[in-house]
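Visitor: I'll drop the sequence and a predicted model, then ask my questions.
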Amino acid sequence: MNLGKSLEDYLEAVLILQNNRGMVRSVDIACHMNFSKPSVCHAVKVLKEKELLTMDKEGFLHLTEKGRESAEKVYEKHCLLTNHLISFGVDPQIAEADACKMEHIISDETFERLKEGIQKA
């Protein structure tokens with residue numbers, strides 16, 4: 001499923017925040033991503049419509065199985081690309097920013113070959 005950079009970033013943020021805090025609300029995402037609450041609310045609505053995210057009665061967000069798979073896929077790309085760029089001597093802040101862009105455009109096939117190559121090295 002091709003969600004586009006923005007929605008993938010939201011899913012990744014939910015995953016990261018859930019891993020760090022356990023429970024996540026829209027306001028947590030807004031703070032984490034430095035976005036406005038209305039922007040986050042719109043994205044949450046779209047992600048709920050796509051059945052990637054649910055919200056419980058207390059307002060906590062939960063990734064669905066499909067949402068978690070998508071978020072973990074993006075986050076895996078992000079981490080591998082960031083770490084590999086840093087290993088090449090790229091400044092960590094630049095590596096982080098570049099990996100965030102690359103994670104959305106690299107094909108699954110290219111990523112898998114890259115991952116295999118890194119694991120063999």
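Guide: Happy to help now that I have it.

Visitor: contacts, neighbours, all on C-alpha from now
Guide: OK.

Visitor: any idea which helix or strand comes after the longest helix along the chain?
Guide: Ordering each helix of the chain by length in residues (DSSP state H) puts helix 65-87 first. Once helix 65-87 ends, the next helix or strand along the chain (criterion: DSSP states H and E) is helix 92-105.

Visitor: List the buried residues for that following helix?
Guide: Of all the residues in helix 92-105, those buried under the rule 16 or more other C-alpha atoms under 10 Å are A95, E96, D98, A99, C100, M102, E103, H104.

Visitor: same check, this time on stretch 17-37
Guide: Applying a neighbour-count criterion of 16+ other C-alpha under 10 Å, the buried positions in stretch 17-37 are L17, Q18, V24, R25, S26, V27, D28, I29, A30.

Visitor: From those, pick the one nearest K66.
Guide: Closest to K66 out of these is Q18 (15.6 Å), distances taken as C-alpha to C-alpha.

Visitor: Nearest spatial neighbour of the closest one, chain-adjacent residues omitted?
Guide: V24 (6.0 Å; C-alpha to C-alpha, 6 or more residues apart in numbering).

Visitor: For that neighbour, give its distance to P38.
Guide: Noted for V24: a distance of 16 Å to P38, by C-alpha to C-alpha, to the nearest Å.

Visitor: and the helix or strand of the chain with the lowest mean pLDDT with helix 92-105, angle?
Guide: Here the helix or strand of the chain ranked lowest by mean pLDDT, DSSP states H and E is helix 108-120, holding a mean of 90. Helix 108-120 and helix 92-105 are oriented at 140 degrees to each other (axes from the mean of the first three to the mean of the last three C-alpha atoms, to 10 degrees).

Visitor: Appreciated, that's everything.
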